[in-house]
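Q: Quick check, what structure comes out for this input:
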Amino acid sequence: MNSCRKHNNLLRAVHSAALLALCLVFANLSQAQDEPLFDVPAPEVDLRMMLRRYVVERTTDELRQWSVRRDQAIQTQNLDVFRKRVRQRLAEALGDLPFGKHGGPLNVRSVSQIDRGDFRVENVLFESLPGWDVNASVYLPSASRYPPPWIPVVMPVGHAGKEFRSHQIPAQVLARCGFLVVIFDAPGFGEKVSGNDHFRDGVRCYLTGTTSQRYFVIDALRAIDYLATRRDVDMSHGVGMTGVSGGGLTTIYATLLDDRITAAGPACFSSPDDKHPVEDVYAPCPESLHFCRYHDGLDAPDLLVAAEPTPVLLMGGQDDSVFRAEWSRELADDAARGYAASGHSDRFQFFLDAGGHDYTVVEALQFARWMDRWVAGRPSRELPKLNAQDVQVLPTDMFLCHPRQEENMFTLNRREAERLAGHRSETTLRAAVTQLAGLSEQKIAALTPPPAQTAAPFSLWGHNLVETLLNTDEHIWLPATLIRGSDGSGAILYFDDRGRWTNLSSGGMFTKMVVFPDAGDVKPSLLTVDLRGWGDTKPAFAPYEAAGWGAPDRWFAYMSAALGDPVLSMRIRDGLAALSYLRSLPKVDGKRIILGGHGVGALVALHVAALDSKIKGVFASDLPASFTMLTESRDFTWDQDIFLPRVLDYYDVPELVSGLQAPVLLVNPLDAVKHPIAPAEAAKLYAAALRQPGVTVKADLTPNAARLAEQEWIRAQW
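A: Sure, this is the predicted structure:
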């Protein structure tokens, strides 16, 4: 019995010891798992949402400031100065618009006619610019019911063809109410003209300092010129203009530029811009976001208030999924206060239809009454009783005009780029880069190293690797990887649009040069940085980018341009801040820093080098060979945030290289579709730069040869 008890006690002791040992093992494992394998600083912001929030917050702040100024002008009833400023800024943004007495020949050509009894349609072509055809369909009332001459209405089409129901409905209704209506496709829609893609060809206009919106607006203004040539049109009271969505925006722009428009009726065209497209991160279009639009205070409420004293009927849809009803009401309230402050409260009216993002029969009848009141002088006239069933949508082929293809956004912008190549601004290169980067000499002189969060150093084969976050701007934290070289050595600062580890990981070029240098090689330090929007800060997709036209690079390109601070400009400032940080590090020789970059990162490196005379050299691989190439090629594959507004007013990439004081190596410059340009083409393109001492261009190399060329050049600089 005692022996059994002792045996049981022994078993319990062994069991307890085993449990204790097992607990210690798990405790040690848990402790090991709590300890990181290597240290990475924790960002204070969500890196994938960081740039979105930055652009949204800055844009809404800008719009809020202009809203305060607009409210002050309304409260003090001092709107004349306000309206003048808005109209002047808009005219400057759109550039030269030859219309009216300044317009050239229209060269009108009749195409075909359709007789539908209650109305007729004449299809015609006329030129808004030399060689640029507008394909117009003119809806004429029944002459027996409404004898001519007729009061005219211009109806610019939005982002669809004039044959779509939303555009046939109002044109038919207005014609059956006795108005002559001229309707036409917006550039790139309906009868498409190659070179008029409002996204791909529109964004190119940033480079030349123009905007694709001018082509939408000039067509509408020249349509008025066309109407003035018709004997069956009564121009004595002016013209009306109305359109839905993008056609509504064209309507308001044209109203601010042409006094011949005596009544306007934009439908489902906008909201306060801070709501849409800014805060909802809607995928917009480049024509609606011309350079500095928000910086100049051209929010939708500003445009409507500036339209006074022209009578404006603002229409919206209760179920509009793009411009929500509550946003339309807010926009209408702002405009109504502006009109009331000038004693013209009766000249603004808001009508909310039961429909969606559409131009309905009910809305068309509302605009007919608006025209009767303010243009025709017959406010009590009884209109025909029409409903949706009374409108027959006609086949597309009835409206075809077959416009010529020779002139379009692409060809006109290419010609402007060619003109600018021979007429660059006399501004010095440094001054131009300073301006385009959103800087000043005072800001550059006052530049200090940005705050940084650094992780614990990690020993990497005798080197210290330190993961870092650089706070280069408000709420902007850039991940950076630092590898310390020999004390007192120089350093390489590198920007890569593919991510900062691309040339460092898996035996990349910097692994060979910095981590495992050849015997006798100088061991430079390396700082490779994810500039905003690249690498670990690559933006997450926004919901509206599910649309076929949506993409993060497009939203950032257009929105930052409207802000007046393009993303590429922000990245140049990031590069300068990173350079300042690298120079501040102990044991780094600030006079022996080489800049480098890949892709658009190479462009950033060249721009930073233009602003810092102490750089020892700059190397650039797989960079866009020139901005002009992006205006010359029918296609391009670069992200759209590469289109730096106004850059061709001042310089192109070859001129940028020519103006640098440091040695330069260009490896494999790429064309618009990212194919390496041929050596002969590179020699011609960079001929002036190659005459400068220290400039080397190596084109169309294999990846291995390109890597060796960069390594040899970098070694030679030490």
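
Q: quick one, what contacts the residue nearest to residue 355 when sequence neighbours are not counted?
A: If the residues on either side of it in the chain are set aside, residue 355 comes closest to residue 317, at 4.6 Å by Cβ to Cβ, 6 or more residues apart in numbering. The way it works is simple: take the backbone N, C-alpha and C, and place the C-beta from them, glycine included. By Cβ atoms under 8 Å, 6 or more residues apart in numbering, the contact list for residue 317 reads 268, 323, 325, 352-358, 360.

Q: Name whatever forms a beta bridge with residue 317.
A: residue 353 (DSSP bridges).

Q: any chance you could map the strands in the stretch 151-300 of the chain?
A: Assigned by DSSP state E, counting those that start in this stretch, the strands in the stretch 151-300 of the chain fall at 152-156, 180-184, 239-244, 261-267.

Q: what's the helix or strand following the last one in contact with?
A: Just to be clear, that refers to strand 261-267. Next helix or strand after strand 261-267 toward the C-terminus (DSSP states H and E): helix 300-306. Contact with helix 300-306 is made by 66-67, 70, 74, 79, 82-83, 86-87, 90, 252-253, 256, 270-273, 312, 314, 331, 334-335, 338-339, 348, as judged by Cβ under 8 Å, 6+ apart.

Q: And stretch 628-641, by the same measure?
A: By Cβ under 8 Å, 6+ apart, stretch 628-641 touches 195, 200, 203-204, 207-208, 410, 413-414, 417, 421, 533, 551, 553-554, 556-558, 560, 566-568, 600, 624, 642-643, 648, 652, 671-674.

Q: Same check on stretch 464-473?
A: 38-41, 43, 54, 450-459, 477-484, 529, 532, 570, 573-574, 577-578, 581.

Q: thinking again about what came up before, so which of the contacts of helix 300-306 belong to helices?
A: 66-67, 70, 74, 79, 82-83, 86-87, 90, 252-253, 256, 331, 334-335, 338-339 (DSSP state H).

Q: what's the closest non-adjacent residue to the most centrally placed residue in the chain?
A: Central residue of the chain (Cα atoms, centre = their mean): residue 558, 1.2 Å from the mean position. Excluding the flanking residues, the one nearest residue 558 by Cβ to Cβ, 6+ apart is residue 289, at 4.2 Å.

Q: quick one: the one you found and residue 560 touch, right?
A: No. Shown here, residue 289 and residue 560 do not form a contact pair, counting by Cβ atoms under 8 Å, at 9.2 Å.

Q: From residue 652, how far out is residue 711?
A: 28 Å (Cβ to Cβ, to the nearest Å).

Q: go on, residue 530?
A: 27 Å.

Q: Name all residues that make contact with the residue nearest to the centre of the chain.
A: Residue 558 neighbours (Cβ under 8 Å, 6+ apart): 203, 284-286, 288-289, 640.

Q: Residue 231 too?
A: Counting by Cβ under 8 Å, 6+ apart, residue 231 has contacts residue 149.

Q: Check residue 294 too.
A: Counting by Cβ under 8 Å, 6+ apart, residue 294 has contacts 59, 62-63, 66, 273, 562-564.

Q: per-residue pLDDT, it?
A: Per-residue pLDDT puts residue 294 at 98.

Q: nearest residue to it other than its sequence neighbours?
A: Residue 294 sits nearest to residue 562 (Cβ to Cβ, 6+ apart), 4.7 Å away.

Q: for residue 512, same thing?
A: Nearest non-adjacent residue to residue 512 (Cβ to Cβ, 6+ apart): residue 711, at 6.8 Å.

Q: Quick check: which helices or strands does the helix or strand hosting the one you found pack against?
A: For residue 711, the host element (DSSP H and E) is helix 703-717. Applying 3 or more Cβ pairs under 8 Å, 6 or more residues apart in numbering; DSSP states H and E, we find helix 703-717 packed against helix 509-510, strand 588-598, strand 617-621, strand 664-667, strand 695-698.

Q: Name the stretch among those that sits most buried.
A: strand 617-621 (a mean of 26; mean count of other Cβ atoms under 10 Å).

Q: Run me through the strand neighbours of it, direction for each.
A: Using DSSP bridges, the strands paired with strand 617-621 are strand 588-598 (parallel), strand 664-667 (parallel).

Q: As JSON lines, these with mean pLDDT would be great.
A: Shown next, in JSON lines, are the strands paired with strand 617-621 (pLDDT from 0 to 100):
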{"stretch": "strand 588-598", "mean pLDDT": "95"}
{"stretch": "strand 664-667", "mean pLDDT": "98"}
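
Q: And the residue nearest to residue 98 when sequence neighbours are not counted, its phi and psi?
A: For residue 98, ignoring the flanking residues on the chain, the nearest one in space by Cβ to Cβ, 6+ apart is residue 104 at 6.2 Å. Per-residue torsions, residue 104: phi -90, psi -170 (degrees, to the nearest 10).

Q: contacting residues for residue 104?
A: 98, 127, 129-130.

Q: Please apply the same query to residue 59.
A: Counted by Cβ under 8 Å, 6+ apart, residue 59 has contacts 274, 278, 294, 559, 562-563.

Q: Equivalent analysis for residue 383, please.
A: Neighbours of residue 383 in contact, by Cβ under 8 Å, 6+ apart: 177, 365, 368-369, 372.
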